[in-house]
Each structure stands twice: as structure tokens, then as C-alpha cells.
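*Asks:* sequence isn't available, so here's the structure alone:
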């Protein structure tokens, strides 16, 4: 699996951070153990709120599995967009006495009890992607992701600069607090009207139909913000079908999104580098198991936001094809 420069830089920084005097590095002052031979046979469960067919989470899985291979540990990945079933997966991991749990919290309240059981069982937890505000409260070691408010405000600023005055913000998962934060952030900086449209990411044909219908009935909408790469592609088709001139932007990357940016069909993508949301938690849990290292100092570890535009899309196109961006 290809490693991006930021991953290598972060890993180098982590290794160097363990070289302080008196820090348990032994007489030789060697960095903290994080190699496959030293990490032991750790078992880590990655449990996300991924919906079926959502390619975003494939990249998270790729990152987690790449880290597992590097450190010689076992990584199991499961996703379910039903909070009740996601809680059951956490409970199952606790009963199996895994060495660590990585969990995304689109609906933190629904997962609080199960995460509490993991913490009570002294199983370290790292939260990712969604639910940053609840991570510390629930007892997680740290949170890995992006600030959805900040990312939303950045998207709103760019859309405003592109001339958008009425924006359709397409929400693809009901009850996901992070998605609503993105829309609110965009609303704060756009300076125009933001209207939300609820769709189902598991039915992309219906997404295209609903977005096209909205554009046809309300021709004042001159901007569409998708919050998912598959939804972005469906929205692109909707804009074409409706004969609309609305400008399109999205959160997150896929090979199709990068291609559409290159072709001028999508203005930009907000990139939270989800590969890191899989890779870094396994790194952190391995370091915690082998050397009791913690990362973040009580604050989230940010993986974004960055912006992919036509100016730099070609540079990440190959990486997106490889499943690491």
C-alpha cells in the first residue's frame, strides 16, 4: 500500500517523541517499540457507521489494514449505519477482549453505553470521523478526524467566492451530527440561503432524481454541496439532467470525484484524508499497547480540512485510484 508523505512524517514524529531522557527507552535511548516484532499479537476492532456501498469508508479500511500489516497486528473492520447494530458490534468486540477499539460516532448518544463498557473493561478506544465533541467525555484516548464546523465554513467561503447565493446542502445520513455541522458551517460563511435536502446514500439513483427535481422546481438554487463523494457524482448527473447551471462542490474524495474536478464538473472537494482516520488510530493503539504512549494531549488529531481543486487534482488522482485518498 502506498504511503503518503504526511503519513510518513507523522510516524517519524511519533517515533522521535519517545526519545526523551528517562522516558523508558532503555539504556540505548532507542525510540518506543512499534515494530511488528515488538508490538506483539495485538487485536484491534474498527467499527464505523459505514452504509453499504459507501466508498469513503473503503479508504478508511485500507488505512487501518495497511497499519495492521505494518505493525504485525490483527485488524478487523466492520461497518453498519444503524446505531443499534453498531453498538452491538462494539459490545461484541468487548466480549472478545480485543486490545483496542476504533469507532466512528455519527450518533454519539446511541453509542455512549457500549463505549462506556469498553472503557470500563480497560480496552483503549480511539474515536474517528464523527463525534469529536463527545470523545473525551466518553473516555476515548483521542479523536482522529476533522472539525466539521471549520470544514463547513471553508466550503461556504469558497462557494461564496464562486458566486453561489442559494445553496442546496445534501444530507445523506439521517441523524449524523457531523453532516449537519457541515451545512451549518457553510451557512455561516456563504452569506446567502442554505436549504437542506435529505437523501439516502444507499440509493444513488434516487439521489439524482431528488436533486434534479429540486433544481427544476427552484431555479434560484445556484449551488449544490454534497457531503459524500458518491452523492457528489449523483448530484453532478442531476445538474445535467435538470439543465441547471448550479455549481457543485463536495466533501471527500474518490477517483470519480477527482476526475470530475479535472473536467470542471465539480469546483472542489473538501479533503479530510480519511486514509489517516484508519491508519493513525491503529498506530496510536499499537504505541499505547507497547509503550503507553498517548497522542493529542486531550485535543483531537486533525486530518483536515484540505481542498482539492483543478489546480492540484492531478497530483492526487493516482493516489485516489490506489485507494489511499
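*Replies:* Cool, got the structure. Every value quoted in this text rests on a predicted model; they were computed, and no experiment measured them.
*Asks:* contacts, neighbours, all on C-alpha from now
*Replies:* Will do.
*Asks:* am I right that residue 41 is in a helix?
*Replies:* No. Read with DSSP: H, G, I helix; E, B strand; the rest coil, residue 41 is coil and lies in no helix.
*Asks:* from residue 91, how far off is it?
*Replies:* 21 Å (C-alpha to C-alpha, to the nearest Å).
*Asks:* which one's more surrounded, these two?
*Replies:* residue 91 (19 against 13; other C-alpha atoms under 10 Å).
*Asks:* helix/strand/coil for the more buried one?
*Replies:* Residue 91 ends up helix, using three-state DSSP.
*Asks:* how about it, nearest residue that isn't a chain neighbour?
*Replies:* Residue nearest to residue 91 in three dimensions, not counting chain neighbours: residue 114, with 5.9 Å by C-alpha to C-alpha, 6 or more residues apart in numbering.
*Asks:* which outside residues touch the helix or strand in which that neighbour is found?
*Replies:* For residue 114, the enclosing helix or strand under DSSP states H and E is helix 108-120. With C-alpha atoms under 8 Å, 6 or more residues apart in numbering as the test, helix 108-120 has contacts from 83-84, 86-88, 90-91, 94, 105, 124-125, 131, 134, 138-140.
*Asks:* what's the answer for stretch 173-186, then?
*Replies:* With C-alpha under 8 Å, 6+ apart as the criterion, stretch 173-186 contacts 106-107, 130-131, 148-157, 169, 171, 194, 196, 198-201, 227.
*Asks:* stretch 131-143 too?
*Replies:* Residues beyond stretch 131-143 that count as contacts (C-alpha under 8 Å, 6+ apart) turn out to be 104-108, 112, 115-116, 119, 124-129, 145, 147, 177-178, 294-296, 298-301.
*Asks:* before we move on, back to that, and which of the contacts of helix 108-120 is nearest residue 270?
*Replies:* residue 131 (18.5 Å; C-alpha to C-alpha).
*Asks:* how near is the closest one to residue 178?
*Replies:* 7 Å.
*Asks:* likewise for residue 262?
*Replies:* Residue 262 is 28 Å from residue 178, by C-alpha to C-alpha.
*Asks:* check residue 291 too.
*Replies:* Taken as C-alpha to C-alpha, the span from residue 291 to residue 178 is 33 Å.
*Asks:* so these two - more neighbours on which side?
*Replies:* Neighbour comparison, residue 291 and residue 178: the larger count goes to residue 178, with 23 against 19 (by other C-alpha under 10 Å).
*Asks:* is that one part of a helix or strand, or is it coil?
*Replies:* helix.
*Asks:* for residue 250, grab phi and psi.
*Replies:* Per-residue torsions, residue 250: phi -150, psi 160 (degrees, to the nearest 10).
*Asks:* er, residue 204 I mean
*Replies:* With angles defined as degrees, to the nearest 10, residue 204 sits at phi -70, psi -30.
*Asks:* tell me where the stretch 101-250 of the chain has helices.
*Replies:* All helices of the stretch 101-250 of the chain, identified by DSSP state H, counting those that start in this stretch, fall at 108-120, 132-138, 148-161, 177-190, 204-217, 229-242.
*Asks:* dig out what the closest residue to residue 50 other than its chain neighbours forms beta bridges with.
*Replies:* Excluding its sequence neighbours, the residue lying closest to residue 50 (C-alpha to C-alpha, 6+ apart) is residue 79, at 4.8 Å. Here residue 79 sits in beta bridges with residue 48, as judged by DSSP bridges.
*Asks:* my read: residue 79 touches residue 55, true?
*Replies:* No. The pair residue 79 / residue 55 is not scored as a contact, 11.9 Å apart, by C-alpha atoms under 8 Å.
*Asks:* returning to what we had before: which among the contacts of helix 108-120 count as buried?
*Replies:* 83, 86-87, 90-91, 94, 105, 124-125, 131, 134, 138-140 (16 or more other C-alpha atoms under 10 Å).
*Asks:* among those residues, which one sits closest to residue 45?
*Replies:* Each of the buried ones among the contacts of helix 108-120 was scored against residue 45 by C-alpha to C-alpha, and residue 90 proved nearest at 8.3 Å.
*Asks:* need the contact list for that closest one.
*Replies:* Neighbouring residues of residue 90 by C-alpha under 8 Å, 6+ apart: 47, 101, 114-115, 118.
*Asks:* give the contact list for residue 232.
*Replies:* 225-226, 248-250, 257.
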